[in-house]
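Asks: Sequence below, structure please.
(one chain, ligands or ions: 2)
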Amino acid sequence: MIALLENGYAVTVIDDLSSSDGSLIPEGARFVFGCVGDAALVATILRQTRACAIMHFAASISVAQSLKSPAPYYRNNLSVTIDLARVAADAGVRAMVFSSTAAVYGEGDGSPLAEDRVLAPINTYGRSKAMAESALADIASAGGMALGILRYFNAAGADPAGRAGQATADPHHLIEVATHVATGTRDAIAIFGNDYPTPDGTAVRDYVHVADIAAAHVLVMRDILQAPAQRTYNVGTGRGASVREVIDAVARVAGAPIPVRMAPRRHGDPAILIADSSRLATELGWRPRYGLDDIVRHALMWERSRAAYSATASDARARLVGIAS
Ligand SMILES: NC(=O)c1ccc[n+]([C@@H]2O[C@H](COP(=O)([O-])OP(=O)(O)OC[C@H]3O[C@@H](n4cnc5c(N)ncnc54)[C@H](O)[C@@H]3O)[C@@H](O)[C@H]2O)c1
Ligand SMILES: O=c1ccn([C@@H]2O[C@H](COP(=O)(O)OP(=O)(O)O[C@H]3O[C@H](CO)[C@@H](O)[C@H](O)[C@H]3O)[C@@H](O)[C@H]2O)c(=O)[nH]1
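Replies: Numbering: from 1, shown residues only. Ligands and ions are numbered 1, 2, ... in the order given. Sure, this is the predicted structure:
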């Protein structure tokens, strides 16, 4: 949203606040509360705004939850996407950019994964996104709508200017949890599995900065608006980091040890996922500006500012309670 506003676009956000509280929607964007699968609502907004493009981020995103409770994942990630795409195509929206994921590939073999690799997701989340990709491709081509599918690897970090970052009610992402330990809101972090076929036994992922992902969205949207087409791009750095390496980076940047405890593998987690993003680099000139240390530094800055903000807010609440009593 910030990247779109900075690039001069008018932005309307539709969010049902199912996994957020709306506090990070920037001032310059219009906010509409609702589900993106609500055809009447979306049609009305598209009529009002005459939007040329939709960026479709809304989804349910936990691998573990998707395995425990698949139906809501298929509903939110597949059915809702189908409804949104149908309304968008009917309304004459010219382009859609869809948030897909590395989870569509399934298990990597250690080498960077390119877009033409056969999709073999190993969890419900990945399957729901792979199915949504296919449904979108059909609906977009029948409706004359351009489509950009961005398969991001592990989105992480925070806005370098400190305006936004992760703010999940129940954090489960590695870097977010590790920064909570660094700022003292958690005692320790669990390492889910140290018996993977990787150099240190912990799972390897390709962590890509949210600002780099945002830049990729703007590039792809502009491109498919100018030259309508269907394109699929990986968004990753091409570098893998193990769970241990990430925790070490957080400890290094925070200047304090991060207590860890060993735990069994998390069901549905692949061992290694690393991106080959050369298509995005060659076709659109995209390059990641940030590496793992920047990601961790920005995530930590964000977490510290949130901790300071909630401390100030709770001081203020305590003072109000003191005055009231
Ligand atoms: N976080 C990652 O590492 C990662 C990696 C690859 C792909 N993705 C994809 O990127 C997208 C954004 O991920 P995120 O990490 O910001 O997730 P998130 O859970 O933080 O944000 C999702 C947002 O969508 C909203 N939402 C969910 N379902 C909705 C619906 N039906 N209607 C309206 N709003 C709805 C939620 O309230 C929330 O604000 C998702 O599509 C996800 O699958 C994320
Ligand atoms: O407390 C924790 C949290 C995570 N992990 C491990 O850290 C790695 C990364 O986990 P996490 O940050 O939860 O991300 P992923 O499960 O890899 O999934 C993310 O990355 C995918 C793309 O690779 C996206 O599609 C998903 O939406 C997004 O949640 C995994 O091996 C986890 O088992 C731990 O060991 N301890």
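
Asks: contacts, neighbours, all on C-alpha from now
Replies: Noted.

Asks: Now do the buried residues in stretch 187-201.
Replies: Of all the residues in stretch 187-201, those buried under the rule 16 or more other C-alpha atoms under 10 Å are 188-189, 191-194, 196.

Asks: from these, which is closest to Ala132?
Replies: For the buried residues of stretch 187-201, the residue nearest Ala132 by C-alpha to C-alpha is Phe192; the value is 28.5 Å.

Asks: what bridges to the closest one?
Replies: Taking DSSP bridges as the rule, Phe192 bridges to Ala263.

Asks: So it sits against Asp269, correct?
Replies: No - Phe192 is beyond contact range of Asp269, at 9.2 Å (criterion: C-alpha atoms under 8 Å).

Asks: Assumed Gly201 was part of a helix.
Replies: No - membership of Gly201 in a helix is not supported by DSSP: H, G, I helix; E, B strand; the rest coil, which gives coil.

Asks: so it touches Asn194, yeah?
Replies: Yes - at 4.4 Å, Gly201 and Asn194 qualify as touching, with contact defined as C-alpha under 8 Å.

Asks: Name the residues contacting each of those two.
Replies: Overlap of the contact sets of Gly201 and Asn194 (by C-alpha atoms under 8 Å, 6 or more residues apart in numbering) is empty.

Asks: Tell me which helix or strand Tyr73 sits in.
Replies: Taking DSSP states H and E as the definition, Tyr73 sits inside helix 70-74.

Asks: Could I have the CA atoms of that helix written out in CSV?
Replies: Below are the C-alpha coordinates for helix 70-74, written out as CSV (Å, rounded to 0.1, in the frame of the first residue of the first chain):
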residue,chain,number,x,y,z
PRO,A,70,-8.5,-27.6,5.4
ALA,A,71,-12.0,-26.5,4.5
PRO,A,72,-11.7,-22.8,5.5
TYR,A,73,-8.4,-22.7,3.7
TYR,A,74,-9.9,-23.8,0.4
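
Asks: Just the buried residues of it, please?
Replies: Quick answer for helix 70-74 (16+ other C-alpha under 10 Å): 70, 73-74.

Asks: interface residues of the stretch 1-150 of the chain facing ligand 2?
Replies: 61-62, 101-103 (C-alpha under 6 Å from any ligand atom).

Asks: Selection in ChimeraX covering whichever of the residues you listed are buried, please.
Replies: Only the buried entries of these go into this ChimeraX selection, using 16+ other C-alpha under 10 Å:
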select :61,101,102,103
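
Asks: And the furthest pair within the residues of the stretch 1-150 of the chain next to ligand 2?
Replies: Using C-alpha to C-alpha, the pair of those lying farthest apart is Ser62 and Ala102, separated by 13.2 Å.

Asks: Could you tell me how many residues sit around His56?
Replies: Using other C-alpha atoms under 10 Å, His56 is surrounded by 18 other residues.

Asks: before we move on, the earlier item: give me the helices and strands touching the helix holding Tyr73, please.
Replies: helix 124-143 (3 or more C-alpha pairs under 8 Å, 6 or more residues apart in numbering; DSSP states H and E).

Asks: ok so, going back, in the helix or strand just after the helix holding Tyr73, what counts as buried?
Replies: On the C-terminal side of helix 70-74, the closest following helix or strand by DSSP H and E is helix 80-90. Judged by neighbour count using 16+ other C-alpha under 10 Å, the buried positions of helix 80-90 are 80-89.
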